[in-house]
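*Asks:* please find the sequence and the predicted model below.
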Amino acid sequence: MKTQYYTASSLDGFIADPHNSLDWLFQFGEPEDTDYPEFIRDVGSIAMGSTTYEWILNHHIRPGSDRPQPWAYRQPTWVFSSRSLPPVGGADIRFVRGDVRPVHREMVAAAAGKNVWIVGGGDLAGQFYDHGLLDEVIVTVASVTLGGGAPLLPRAITTPSLRLVSVNSWGDRFAQLRYEVPNRRSG
Ligand SMILES: NC(=O)c1ccc[n+]([C@@H]2O[C@H](COP(=O)([O-])OP(=O)(O)OC[C@H]3O[C@@H](n4cnc5c(N)ncnc54)[C@H](OP(=O)(O)O)[C@@H]3O)[C@@H](O)[C@H]2O)c1
């Protein structure tokens, strides 16, 4: 079982542009033959911050529209927010706030041997890192630069450094880097 931060980033290290848009990513459509189907098969629980959750609500689910879409994940999902956010009907979504450690314990138990996916944003992944709870960073780098936006992982991780485990590429637009996070579990 691993806790993985799996995301897509611009070459200059942003996961959303300054307006929280992902148009720079979706301009490429759905890249074929990525590892996402394989990745999500092994995910047992999911965590995300409120900006990410609200992005999914506004861009995919669209509650109140003519044809609202169902929640895409069957895994239980923990959404971090200090605010009261609307749930999505039929989805197992648990709203939480504060310390990530007790939430991580719940997520590991719910995952029952599968992996924990930190969807983002970067600071939330950083909060898991701060407590030694992040095992892997898997970043698919799109061949664009954004000049600013939501940072990939706003932490200094230098010594020991991340360990590069694998490199993959898809077409002429995407390179995926998989890193192991140095073990600094503090409980
Ligand atoms: N490129 C990709 O593959 C990818 C992947 C994921 C996300 N994204 C995008 O990247 C952007 C990320 O946005 P973001 O940087 O703002 O990150 P985020 O993690 O989605 O949202 C941050 C917000 O979550 C809440 N939060 C975080 N930790 C918390 C805690 N411990 N307790 C309580 N609340 C907590 C806070 O808001 P409140 O307390 O005010 O609610 C915080 O401002 C979004 O636009 C998203 O759509 C892109």
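*Replies:* That came through, no problem.

*Asks:* so what's the closest residue to the ligand within the chain bridging to?
*Replies:* Going by C-beta to the nearest ligand atom, the ligand is nearest to G49 of the chain, at 1.8 Å. Heads up, the C-betas are built off the backbone N, CA and C, glycines and all. Beta-bridge partners for G49, by DSSP bridges, are F80.

*Asks:* can you show me the strands along this protein?
*Replies:* Ranges of strands in the chain, per DSSP state E, are 3-9, 14-16, 43-49, 77-80, 93-96, 115-120, 136-142, 150-151, 163-170, 174-180.

*Asks:* packing partners for the first one?
*Replies:* Here strand 3-9 touches strand 14-16, strand 115-120, helix 122-130, strand 136-142, going by 3 or more C-beta pairs under 8 Å, 6 or more residues apart in numbering; DSSP states H and E.

*Asks:* which helices and strands sit right next to the first one?
*Replies:* Right, strand 14-16. Here strand 14-16 touches strand 3-9, strand 150-151, going by 3+ C-beta pairs under 8 Å, 6+ apart.

*Asks:* can you redo the ones you listed as TSV with mean neighbour count?
*Replies:* Output for the helices and strands packed on strand 14-16, formatted as TSV (neighbours: other C-beta atoms under 10 Å):
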stretch	mean neighbour count
strand 3-9	23
strand 150-151	20
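
*Asks:* as a markdown table, those strands with distance to E38 would be great.
*Replies:* Listed next are the helices and strands packed on strand 14-16 as a markdown table, based on distance: least, C-beta to C-beta, whole Å:
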| stretch | distance to E38 |
| --- | --- |
| strand 3-9 | 11 |
| strand 150-151 | 26 |
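
*Asks:* in TSV, list these along with mean pLDDT.
*Replies:* Conversion of the helices and strands packed on strand 14-16 to TSV gives the following (pLDDT from 0 to 100):
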stretch	mean pLDDT
strand 3-9	98
strand 150-151	98
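
*Asks:* what's the closest of the ones you listed to R163?
*Replies:* Closest to R163 of the helices and strands packed on strand 14-16 is strand 3-9 (C-beta to C-beta; 14.3 Å).
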